[in-house]
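**Student:** Sequence and predicted structure below; questions after.
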Amino acid sequence: MAESVKFGFDVICPFAWQTSRWIKEVEKVRDIEVEWVPMSLAVLNDGRDLDEGYMEGMKAAWGPARVFAKVKLEAPEKVDELYTAMGTIIHPGGEGGGKGFGAYDEVIKKALAEVGLDASYAEVANTEDVDADLRKFHEDTMRPVGDEVGTPVLHLGDTAFFGPVITRVPEGEEAGEIFDAAVRLAQYPYFFEVKRSRTEMPQVK
């Protein structure tokens with residue numbers, strides 16, 4: 001029986017990207033069914049008193065997250081493919097770090113074209129048309145872990161965690177073994193947190 005996985009992501013987040021690439025490796029070596037669910041760092045930080053540079057990044061984050069919310073609503077089977085396409089442009093492609101509203105408009109258009117989704121999906125990036133839906137996706141994903149964490153959020157069966165935060169992507173059987181360990185931790189109802197100081201940023205290939 002396939003293991004149920006729900007993966008909450010914001011496409012601009014390099015940490016979520018690395019963890020998502022691990023899950024894509026796990027798909028090759030374990031029987032899992034993954035639901036990719038958009039969440040939003042812009043929603044998470046809405047109304048918080050943060051430095052100006054970071055908040056300009058959060059303004060930029062609205063556009064891609066809104067597009068993913070619309071795709072999740074209307075073409076959910078394409079979310080995985082679109083995440084890979086847009087994330088590849090942003091992270092390995094070096095087009096991340098956008099600042100201000102509309103910063104990812106060209107990235108969005110390029111990714112939609114790559115996966116065969118109608119260009120009209122890009123129109124929602126700079127409107128509030130799907131914000132209520134985006135907030136619901138976000139809140140449903142975050143509810144089991146609280147609002148003091150960011151992306152990614154990984155739901156394994158009935159348990160959800162922030163992370164795991166990885167800077168390098170394991171491959172092959174190693175990816176599967178790490179997944180097995182995560183599942184086993186999730187099965188213990190009194191396990192909550194493991195953390196250590198991070199010594200490097202995501203090493204994106």
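**Tutor:** Thanks, I have it.

**Student:** And the helices in this protein?
**Tutor:** 14-29, 41-44, 52-74, 79-90, 105-115, 131-142, 172-187 (DSSP state H).

**Student:** Enumerate the positions of the third one that are buried.
**Tutor:** Of the residues in helix 52-74, those with enough neighbours to count as buried (16 or more other Cβ atoms under 10 Å) are 55, 57-58, 60-72. The C-beta positions use only the backbone N, C-alpha and C, and glycine is treated the same way.

**Student:** Among these, which one lies nearest to Glu35?
**Tutor:** Nearest to Glu35 among these is Lys72, at 9.5 Å by Cβ to Cβ.

**Student:** In contact with that closest one, which residues?
**Tutor:** Val37, Pro38, Val79, Asp133, Phe137 (Cβ atoms under 8 Å, 6 or more residues apart in numbering).

**Student:** which residue packs closest to the fourth one, ignoring adjacent ones?
**Tutor:** The shortest distance from Asp133 to any residue that is not its chain neighbour, by Cβ to Cβ, 6 or more residues apart in numbering, is 5.0 Å, and that residue is Ala69.

**Student:** Looking at the contacts of Lys72, which is nearest Glu193?
**Tutor:** Val37 (21.9 Å).

**Student:** Which pLDDT does the model give that closest one?
**Tutor:** On the pLDDT scale, Val37 is placed at 98.

**Student:** For the residue lying closest to Phe68 once chain neighbours are set aside, give the beta-bridge partners.
**Tutor:** Using Cβ to Cβ, 6+ apart and skipping residues adjacent in sequence, the residue nearest Phe68 is Pro38, 3.6 Å away. Note on Pro38: beta-bridge partners Phe9, judged by DSSP bridges.
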